[in-house]
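Student: dropping the sequence and predicted coords here.
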Number of protein chains: 2
Amino acid sequence: MATLKDVARLAGVSVKTVSNVVNGYSFVKPDNRRRVEEALEATGYRPNLGARNLRRGRTGSIALVLPELSIPYFAELTGLVIAAAQEHEWNVLIEQTFGTLSGERSALASLGPHLVDAAILSPEALHVDDFQLSVPSVLLGEHAVDVPISRVGIDNVAAARVAVRHLISLGRKRIAAIGAHPHRGTAALRLEGYRSALEEAGLPFLDELVVPALNYHRADGAAAMKSLLDLRNPPDAVFCFNDLLAIGAMRAAAERFVRVPADLAVVGFDNNEESVYSSPSLTSVAPDKGSIARAAVDLLHRQTESPALEHVETPFSLLVRESTVAR
Amino acid sequence: MATLKDVARLAGVSVKTVSNVVNGYSFVKPDNRRRVEEALEATGYRPNLGARNLRRGRTGSIALVLPELSIPYFAELTGLVIAAAQEHEWNVLIEQTFGTLSGERSALASLGPHLVDAAILSPEALHVDDFQLSVPSVLLGEHAVDVPISRVGIDNVAAARVAVRHLISLGRKRIAAIGAHPHRGTAALRLEGYRSALEEAGLPFLDELVVPALNYHRADGAAAMKSLLDLRNPPDAVFCFNDLLAIGAMRAAAERFVRVPADLAVVGFDNNEESVYSSPSLTSVAPDKGSIARAAVDLLHRQTESPALEHVETPFSLLVRESTVAR
DNA sequence: CTGAAAGCGCTAACAA
DNA sequence: TTGTTAGCGCTTTCAG
């Protein structure tokens, strides 16, 4: 590994001059610049990022705290966050919490200026008083807990309303919801959107049609759907709070020979790639994940320069597929 | 941010003693140890990893070079690699190549001792002479290119043979394969397993039943399946070289009203979580991803101490589901 | 057993 | 415009 000093010696200049060239500082005598560049080339010099960051008083990394990489939504988002972070010369340190309170607490506790410059958080279980952050942070999605931390995400109430309005426009009358959760902020907001869409259409809000889900995995969607199908009067449509729940719900429907969308229309949330190829393909609320990733990273970059509280609302759309409208 | 010096001052000892305590060095006078521990507690000291690594001449990170995080197999694997790397106090730097030659080349070029201590590589397009690695590395999966680099993965020939034998045991006679690829080593090996299973059963190897796939996404599987269904004599079973291809193939079958498994049995490879909940659920070769991740990381850890060339074979199993055996 | 001090590779203040 | 040098926070000889 060639160091700055090696390059300087070879070029016959001081380390300062080499550093200037490496960092694109303008005022370097053309002759020196040329010789430095040659020496750089000859030695195959690569800056030692660790040393640079130490000197600059930064770590060169941001944390991305999320439940689990095997959840498609987070996998897709992570890829985009990594790409966005690259623009700011940031590495992304991924911390999986598995959606547990203890996992999230220990992830938060491990964060700090000694480890990362900033953090992107996607908590599910944290309480208000857990948020004692020591680095600039941004929350993904909206949360029940009202903490003074920047946020990036879509308008969940509006998005849920669009989804349920779509089901109503199809003439469905008994529309269920899967994914209610006592502590998740986004769940509360999506439920609120569901409720308001029913209300504006003059449809009753029925407790029996609102099914909680402790987790948002496929298995939870399947279990919830089974309970709905067991009702004396099952729903003719279901709005699931994420695509995994919806996939599980469709699976349970298939097992009971309930036809989607003929007997049951299904809408999901997140627009996982998987949902395009399921049979039937899944109608889903599609947040713009690229926007979310970019907005979150850019916001952190700004906040590392000057602290501020920002809330960024990113766009979404409803992608209608076979689970609500047959081919 | 409290530093070692702050702690030392507070405890009334030298930094050396604090460092000894922090690093679990045994021979510290009990009295000093106690005072240091109190000071540590009082200041909330956290070691600056950047500084530590700089001094130790390591980076504290390993690279994980893969095509794309949105591919479920890699997302699942990445989560496991991160967990395994934590045991060795390694961060994982993810580099996405998108499976392109240029992407893989630039990822490899960016690696180096200034950036990472070691690397886990999952290349798809690289040529033999691209492998000029400057850090200990391990290849995931087997490859056509025969380079002197350690490898971790399953026996692809054997795994493919097991998959195809299963189809044969079901009485299928016209078994297709989707995923042949001119440059991918694993593709060649899986094709070889397919061929040998046919051979041992006395079934003919038919060129028209072997469909290449340039990429291994769902869309490629769907396209390949369509071409198979267009044959005057379509297959009664298909072995897909990964689960995404299989999901796409099942989708295409559904669109043509071909029943799975009655008319067409389908086997995939990778055992994505998604495959458990598809309709029908997908029979798949399941590599033990946890073993792969752990073996790769442990192997690298060994190699950073003493270089060696190792090949680790990890276990796999065939999980039979509805796509080959109806409920 | 512990302190003083060097130095990992880099940047930047200061001098020249 | 460039050289000298201090020092980021840590580990680690080397003395004591």
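Tutor: Done, it's in. Remember, predicted model here, so these are calculated numbers, not experimental data.
Student: how would you label residue A:245: helix, strand or coil?
Tutor: Per DSSP: H, G, I helix; E, B strand; the rest coil, the secondary structure class of residue A:245 is helix.
Student: domain parsing for chain A?
Tutor: A:4-47, A:58-154+A:289-316, A:156-287 (automatic domain parsing).
Student: could you dump these into JSON lines with mean pLDDT and distance to residue B:50 added?
Tutor: C-beta: built from backbone N, CA, C; applies to glycine. Output for the domains of chain A, formatted as JSON lines (pLDDT from 0 to 100; distance: least, Cβ to Cβ, whole Å):
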{"stretch": "domain A:4-47", "mean pLDDT": "87", "distance to residue B:50": "14"}
{"stretch": "domain A:58-154+A:289-316", "mean pLDDT": "92", "distance to residue B:50": "6"}
{"stretch": "domain A:156-287", "mean pLDDT": "96", "distance to residue B:50": "35"}
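Student: could those go into CSV alongside distance to DNA strand D?
Tutor: Shown next, in CSV, are the domains of chain A (distance: least, Cβ to the nearest atom of the strand, whole Å):
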stretch, distance to DNA strand D
domain A:4-47, 3
domain A:58-154+A:289-316, 7
domain A:156-287, 36
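Student: deepest of these, which one?
Tutor: Of all the domains of chain A, domain A:156-287 has the most neighbours on average by mean count of other Cβ atoms under 10 Å in any protein chain shown, namely a mean of 21.
Student: for residue A:261, see how far away residue A:283 is.
Tutor: Separation of residue A:283 from residue A:261 (Cβ to Cβ, to the nearest Å): 8 Å.
Student: hey, what's in contact with both of the two?
Tutor: Common contacts of residue A:283 and residue A:261 (Cβ atoms under 8 Å, 6 or more residues apart in numbering or on different chains): A:322, A:323, A:324, A:325.
Student: neighbours of the third one, just the number please.
Tutor: Around residue A:324 sit 25 other residues, with neighbours defined as other Cβ atoms under 10 Å in any protein chain shown.
Student: same question, the first one
Tutor: Look at residue A:322: counted by other Cβ under 10 Å, it has 16 neighbours.
Student: any idea how far DNA strand D is from it?
Tutor: 57 Å (Cβ to the nearest atom of the strand, to the nearest Å).
Student: distance check, that residue against chain B.
Tutor: When distance is defined by Cβ to the nearest Cβ, to the nearest Å, residue A:322 is 10 Å away from chain B.
Student: name the nearest residue to that residue, ignoring sequence neighbours.
Tutor: residue A:280 (3.5 Å; Cβ to Cβ, 6 or more residues apart in numbering or on different chains).
Student: repeat for the second one
Tutor: Sequence neighbours aside, residue A:266 is the residue nearest to residue A:323 in space, at 4.2 Å (criterion: Cβ to Cβ, 6+ apart).
Student: which residues does that neighbour bridge with?
Tutor: residue A:238 (DSSP bridges).
Student: my read: it touches residue A:235, true?
Tutor: No: judged on Cβ atoms under 8 Å, residue A:266 makes no contact with residue A:235 at a distance of 10.1 Å.
Student: of the domains of chain A, which is nearest residue B:164?
Tutor: domain A:156-287 (23.8 Å; Cβ to Cβ).
Student: quick one, what contacts residue A:198?
Tutor: With Cβ under 8 Å, 6+ apart, residue A:198 has these contacts: A:164, A:168, A:175, A:204, A:205.
Student: separation between the residue of the stretch 201-327 of chain A found nearest DNA strand C and chain B?
Tutor: Residue nearest to DNA strand C within the stretch 201-327 of chain A (Cβ to the nearest atom of the strand): residue A:305, separated by 13.7 Å. According to Cβ to the nearest Cβ, residue A:305 and chain B sit 19 Å apart.
Student: where do the strands sit along the stretch 1-150 of chain A?
Tutor: A:61-66, A:91-96, A:118-121, A:137-140, A:150-153 (DSSP state E, counting those that start in this stretch).
Student: how about those strands, which one is nearest chain B?
Tutor: strand A:91-96 (5.6 Å; Cβ to the nearest Cβ).
Student: gap between that closest one and the chain center?
Tutor: Relative to its chain's centre, strand A:91-96 lies at 13 Å (Cα atoms, centre = their mean, to the nearest Å).
Student: next one: stretch A:83-91
Tutor: 16 Å.
Student: same check, this time on stretch A:261-273
Tutor: 20 Å.
Student: quick revisit: of all the domains of chain A, which one is nearest residue B:138?
Tutor: domain A:58-154+A:289-316 (19.8 Å).
Student: residue A:268 against residue A:278, yeah?
Tutor: No: the criterion here is Cβ under 8 Å, and residue A:268 misses it with residue A:278 at 9.5 Å.
Student: shared neighbours of the two, anything?
Tutor: Common neighbours of residue A:268 and residue A:278 (Cβ under 8 Å, 6+ apart) are A:247, A:323.
Student: which ones are touching the residue nearest to residue A:323?
Tutor: A:237, A:238, A:240, A:246, A:249, A:250, A:253, A:260, A:282, A:283, A:323, A:324 are the contacts of residue A:266 under Cβ under 8 Å, 6+ apart.
Student: need those residues in a markdown table with secondary structure, can you?
Tutor: A markdown table is the format used below for these (three-state DSSP):
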| residue | secondary structure |
| --- | --- |
| A:237 | strand |
| A:238 | strand |
| A:240 | strand |
| A:246 | helix |
| A:249 | helix |
| A:250 | helix |
| A:253 | helix |
| A:260 | coil |
| A:282 | coil |
| A:283 | strand |
| A:323 | coil |
| A:324 | coil |
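Student: from the residues you listed, which is closest to residue B:42?
Tutor: residue A:240 (50.0 Å).
Student: so what's the closest one up against?
Tutor: Counting by Cβ under 8 Å, 6+ apart, residue A:240 has contacts A:177, A:178, A:179, A:221, A:246, A:249, A:266, A:267, A:268, A:269.
Student: coming back round to it: which neighbours do residue A:266 and residue A:235 have in common?
Tutor: Joint contacts of residue A:266 and residue A:235 (Cβ under 8 Å, 6+ apart) do not exist.
Student: partner residues bridging residue A:96?
Tutor: residue A:66.
Student: same check on residue A:211?
Tutor: residue A:178.
Student: that one and residue A:191 touch, don't they?
Tutor: No: at 11.0 Å, residue A:211 does not count as touching residue A:191 under the criterion of Cβ under 8 Å.
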